[in-house]
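**Student:** mind looking at a prediction? Sequence and model below.
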Amino acid sequence: MGNAGSTGGPAGWIGRWERLTALPLTVLSLVFLAAYAAPILDPQLDAVWARACRVTNVAVWLLFWLDFGVRLVLHPERRRFLREHLFDLAVLVLPMLRPLRALRLVTVVLTLSRRTEIWVRGRLSLYVGATTLLLVLVAALAVLDAERRAPESSITSYSDALWWAAVTITTVGYGDFYPVTAEGRLVAVGLMIGGIGLIGFVTGSLASWIVDRISRRGQQVPGRGQQQAATAEDVAALRAEIAALRRRLEASGMPSDRSAAPGQPTPPTNRPAGSSAVVAPESGG
């Protein structure tokens, strides 16, 4: 009998819904991003196209709400779902306020980031690179939308906004471009937090990778086992040659180092029979 969660239970329903909507939500996020960017990148956009972009934004935003509502209804523990998705709910509710409309892009970033994580699983560099690029592009759009018509603003073109986003996410902050509106500064805060998080994530992952490689090389150095085996064989061969030399010396009658080992008496010297070791002095006659 199969698992109910994977066949027909509530957990299975929400899983099927997420798999079914993965690609459509990704496409909708890209459409939303394009409709949001077009009037910002081209302030002289025809009124009909500008109105179409606004309608597209609202329609896609309602579909994001629909996806959140369906997942809430299908989840077996709705209170737990709300607790775990408070941030998603906030970025859906807060952009209804005019000063916080740039938060709509957070949902787009989150949706695309999650899909990228699934598609490039196991490829950390590709995932981090795509997320960083997406964050820079979206933050540049948001800050330009907030700053373009503000008095005393230094960010008046998308190239300026891209430069500002790049130096902000890397925490360099040259100060040649900076936001002056509350909405622009809110975007800056989010970008700085995202930049610190990404840099910390990359640094930690790189350090972990280096430590792992060093430990592996320490355990399995190419040729180390062969070198140790060769050294042991050389020592054994040298001992065998020394033993053979000793046997040859003993066979030829020559004393070996073992015959005069420390602590042993020196063998007696062969002398003629009747000879004495001490010669007596002659007596006076």
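**Tutor:** It's in. Numbering: from 1, shown residues only.
**Student:** residue for residue, what is the longest helix the protein has?
**Tutor:** In the chain, taking DSSP state H as the definition, the longest helix is helix 182-219.
**Student:** can you tell me what sits against stretch 43-62?
**Tutor:** With contacts defined as C-beta atoms under 8 Å, 6 or more residues apart in numbering, stretch 43-62 is touched by Leu28, Ser29, Val31, Phe32, Ala35, Tyr36, Ala38, Pro39, Leu92, Pro95, Arg104, Arg148. To be clear about C-beta, it is placed using only N, CA and C from the backbone, and glycine gets the same treatment.
**Student:** so where is the stretch 151-285 of the chain shaky, pLDDT-wise?
**Tutor:** 217-231, 254-285 (pLDDT under 70).
**Student:** break down it into its helices, ranges please.
**Tutor:** Assignment of helices within the stretch 151-285 of the chain using DSSP state H, counting those that start in this stretch yields the ranges 158-169, 182-219, 224-251.
**Student:** among those, which is nearest His75?
**Tutor:** Ranking the helices of the stretch 151-285 of the chain by proximity to His75 (C-beta to C-beta) places helix 182-219 first, at 27.3 Å.
**Student:** next up, the contacts around the closest residue to Arg185 other than its chain neighbours.
**Tutor:** Among residues not flanking Arg185 along the chain, Pro179 sits closest, at 5.0 Å (C-beta to C-beta, 6 or more residues apart in numbering). Contacts for Pro179 (C-beta under 8 Å, 6+ apart) come out as Val143, Ala146, Glu147, Ser153, Ile155, Trp164, Arg185, Val187, Ala188.
**Student:** narrow the residues you listed to those that are buried.
**Tutor:** Val143, Ala146, Glu147, Ser153, Ile155, Trp164, Val187, Ala188 (16 or more other C-beta atoms under 10 Å).
**Student:** so which of the helices of the stretch 151-285 of the chain is the most surrounded?
**Tutor:** helix 158-169 (a mean of 20; mean count of other C-beta atoms under 10 Å).
**Student:** other SSEs contacting that one?
**Tutor:** Helices and strands touching helix 158-169, by 3 or more C-beta pairs under 8 Å, 6 or more residues apart in numbering; DSSP states H and E, are helix 124-147, helix 182-219.
**Student:** pretty sure Thr131 is touching Gly197, no?
**Tutor:** No: at 10.1 Å, Thr131 does not count as touching Gly197 under the criterion of C-beta atoms under 8 Å.
**Student:** any idea how many residues pack against Asp67?
**Tutor:** 20 (other C-beta atoms under 10 Å).
**Student:** just the pLDDT at it, thanks.
**Tutor:** pLDDT, Asp67: 87.
**Student:** could you do the one 10 residues further on as well?
**Tutor:** Reading off the per-residue confidence, Glu77 sits at a pLDDT of 85.
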